[in-house]
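1. Next comes the sequence, and after it the predicted model I'd like to discuss.
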Amino acid sequence: MIGREKNGREQALPDHAKRIACLGDSNTFGYAPGTPPGGRYPASVRWTGRLAEAAGQVFNRGQNGALIPRTGEYGAFAALVQSLLPLDALCVMYGTNDILHFGTAAAAGERMEAFLRALRPATGGAKLLLIAPVPLICGDWVRDAAVIAESKALAEAYRRAADAQRVAFADAAAWGVGLEFDGVHFTAAGHAAFFAGVNAALSTL
């Protein structure tokens with residue numbers, strides 16, 4: 001049996017292989033700062049690729065620049081998830097770009113709760129894991145202390161959203177993920193640290 005992280009290399013699946021979908025932004029896509037537009041780390045470096053090697057088949061649906069989906073997008077996301085069924089787990093991590101556009105953690109939490117409410121019926125019984133993104137740090141893309149503060153506040157807002165929708169929650173701030181010079185994107189070592197954290201979180205579902 002063969003597993004694959006989307007657009008990644010194939011590998012033999014373990015006996016306990018899982019099917020996991022990951023929705024998110026550039027840190028799920030695996031964007032590598034300093035590369036041409038659309039450039040990304042190799043699958044062997046990306047946290048999603050590492051997860052595929054450890055857990056089974058991973059569907060990476062990260063998109064550069066993605067925001068928390070709005071009401072008009074719910075149908076498309078539900079259809080996307082349904083096209084991947086059956087799934088064992090669905091990881092959701094958005095919010096960084098919302099904060100970079102000077103949004104607030106409170107507003108992001110409300111939008112995320114609404115998105116989870118709309119998405120849950122489409123998951124076919126898959127375990128849903130909401131991940132609070134790694135907080136921003138000062139860098140080439142991040143100069144405003146208020147933006148950094150709001151990114152740190154996302155975790156509590158998302159914890160409330162997860163509790164309200166009865167889905168699992170994980171705070172990536174606790175995983176020791178290093179960020180690149182831009183203050184936003186994971187380093188290669190950061191992808192390894194994020195994988196370790198998300199793999200541990202998924203193992204408890």
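-> Happy to help now that I have it. Numbering: from 1, shown residues only.

2. Retrieve the pLDDT associated with Gly34.
-> Gly34 is assigned 86 on the pLDDT scale.

3. contacting residues for it?
-> Glu180 (Cβ atoms under 8 Å, 6 or more residues apart in numbering). Placement of C-beta: from N, CA and C, glycine included.

4. How about the backbone phi and psi for it?
-> phi 90, psi -10 (degrees, to the nearest 10).

5. now do Ala168
-> Backbone torsions for Ala168, taken as degrees, to the nearest 10, come to phi -70, psi 150.

6. again with Ala89
-> The phi/psi pair for Ala89 (degrees, to the nearest 10) is phi -150, psi 150.

7. from what I can see it touches Ile20, true?
-> Yes: in this structure, Ala89 is within contact of Ile20 by Cβ atoms under 8 Å, at 4.7 Å.

8. Show me whatever sits in contact with both of the two.
-> Common contact partners of Ala89 and Ile20 (Cβ under 8 Å, 6+ apart): Leu202.

9. between these two, which one's more packed in?
-> In this view Ala89 and Ile20 are compared by other Cβ atoms under 10 Å, and Ile20 has more residues nearby, 26 against 22.

10. I'd like to know which elements the helix or strand the more buried one falls within is packed against.
-> Taking DSSP states H and E as the criterion, Ile20 maps to strand 18-24. Under the contact criterion of 3 or more Cβ pairs under 8 Å, 6 or more residues apart in numbering; DSSP states H and E, strand 18-24 touches helix 47-55, strand 56-62, helix 74-84, strand 89-93.

11. Figure out which of these is closest to Phe102.
-> strand 89-93 (19.9 Å; Cβ to Cβ).

12. other SSEs contacting that closest one?
-> Short answer (3+ Cβ pairs under 8 Å, 6+ apart): strand 89-93 packs on strand 18-24, helix 26-29, helix 105-119, strand 127-132, helix 188-203.

13. Show me what it pairs with in its sheet, parallel or antiparallel.
-> Applying DSSP bridges to the sheet, strand 89-93 is found paired with strand 18-24 (parallel), strand 127-132 (parallel).

14. Tell me what angle that strand forms with strand 56-62.
-> 30 degrees (axes from the mean of the first three to the mean of the last three Cα atoms, to 10 degrees).
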